[in-house]
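Engineer: Fold the following for me, if possible:
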Amino acid sequence: MKTSSKPAEVDLLPSSSSSDDNHGGGIREMTQLLILCSIFVFLLLSSLMILRKSSFAPSITIALPSVAKSKPIFPQPASSSDTLFGSSRRKMSSGEIKSISAALSRCNNITHCNFLVFGLTKETLLWHSLNKNGRTVFVESNAYLVRDLESNQPEIEAYDVEFATEVTEMYDLIESVNEQVRNECRPVQNLLYSDCPLGINDLPNYVYDVEWDVILVDGPWGINSGEAAGRMSAIFTAGVLARSKRNGEKSVDVFVNEFDREVEWICSEEFLCTEENLVESKGSLAHFVIGKMNHDSNRFCLNSGS
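Structural biologist: Okay, here's the model as predicted:
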């Protein structure tokens, strides 16, 4: 008897529920992987962009405002070089310098010239050089300038003098001189022993014994106002020294710089006698020629009562 048998069926495919679970898990894993990759790529690109910008960014220079050096609160004394060559003092014109130079040349042609200068100025070294064969003495009110000059130019002879006058006292001082013109303020005398309020009597003794040939009044420096010393004493002293010359017949050349100012103008009229003795005026420089006077003279100008 013939029997027929049917082979058993084998289910090779997974069941639908198992397939769905596995499929869902794979998707989640792929999604997470994609997210991680995206974050990684984003961070990488960001880093590259930052590096790129930093490497190509132009350098920026910030200009800070310069800070000026602080100036001293208190004014410092000027050096002699500043005062002589670079200060605010007026520089003489070539015509004014030539006038003084000509007087020194005439003097040196006769004898060694004695040149007295009131004031240290921009022309100080020039005066010393022009009178190199003679003797030049400088009188200055600023003791600091004298010390500085001596240290830098020891061959130059200079003395500091304290002027006790003030410009505001000029007319009173002139009146006092006129009142004492027969005694302490005589036009012919040795000022070393004088108590005249305008006489300079504290220079070295020998200065009063020198026969001065040329005198220049270019100091004290300062404006003619307020408490400035003015040049009253310098002009008065120049007039007395010129008239008190004992030896020889030669007159004395007296120059007054900045003659156009009130003090210089008035005092020159009083003690140098403009009408009688002014021989030349160039720019602001006045040139007087003062002759000797007798010892018993009691007035500065022959044509006045002074």
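
Engineer: okay, now Trp265: neighbour count?
Structural biologist: 16 (other Cβ atoms under 10 Å). (C-beta placed from N, C-alpha, C; glycine too.)

Engineer: Was I right to think it contacts Phe259?
Structural biologist: Yes. Assessed by Cβ atoms under 8 Å, Trp265 is found in contact with Phe259 at 6.2 Å.

Engineer: Now do the shared contacts for the two.
Structural biologist: Shared contacts of Trp265 and Phe259 (Cβ atoms under 8 Å, 6 or more residues apart in numbering): none.

Engineer: what pLDDT does Leu272 get?
Structural biologist: What the model reports as pLDDT for Leu272 is 97.

Engineer: what does the one 5 residues further on give?
Structural biologist: Reported pLDDT at Asn277 in the predicted model: 97.

Engineer: who's in contact with it?
Structural biologist: Counting by Cβ under 8 Å, 6+ apart, Asn277 has contacts 254, 288-290.

Engineer: Just the buried subset of those, written out for PyMOL, thanks.
Structural biologist: Selection of the buried residues among these in PyMOL, burial being defined by 16 or more other Cβ atoms under 10 Å:
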select buried, resi 254+288+289+290
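
Engineer: farthest pair in the contacts of Asn277?
Structural biologist: Val254 and Val289 (7.5 Å; Cβ to Cβ).

Engineer: I would like the residues contacting the helix or strand where Val254 lies, please.
Structural biologist: Using DSSP states H and E, Val254 sits within strand 252-256. Contact with strand 252-256 is made by 99-100, 103, 107, 212-218, 231, 235, 238-239, 241-242, 245, 264, 268, 272, 277, 285-291, as judged by Cβ under 8 Å, 6+ apart.

Engineer: Now the buried members of these.
Structural biologist: If we count by 16+ other Cβ under 10 Å, the contacts of strand 252-256 have these buried: 99-100, 103, 107, 212-218, 231, 235, 238-239, 241-242, 245, 264, 268, 272, 277, 285-290.

Engineer: Narrow those residues to those in helices?
Structural biologist: 99-100, 103, 107, 235, 238-239, 241-242, 264, 268, 277 (DSSP state H).

Engineer: Asn201 belongs to a strand?
Structural biologist: No. According to DSSP: H, G, I helix; E, B strand; the rest coil, the state of Asn201 is coil, so it is not within a strand.

Engineer: how about the nearest residue to it, chain neighbours excluded?
Structural biologist: Closest residue to Asn201 apart from its sequence neighbours, by Cβ to Cβ, 6 or more residues apart in numbering: Leu191 at 5.1 Å.
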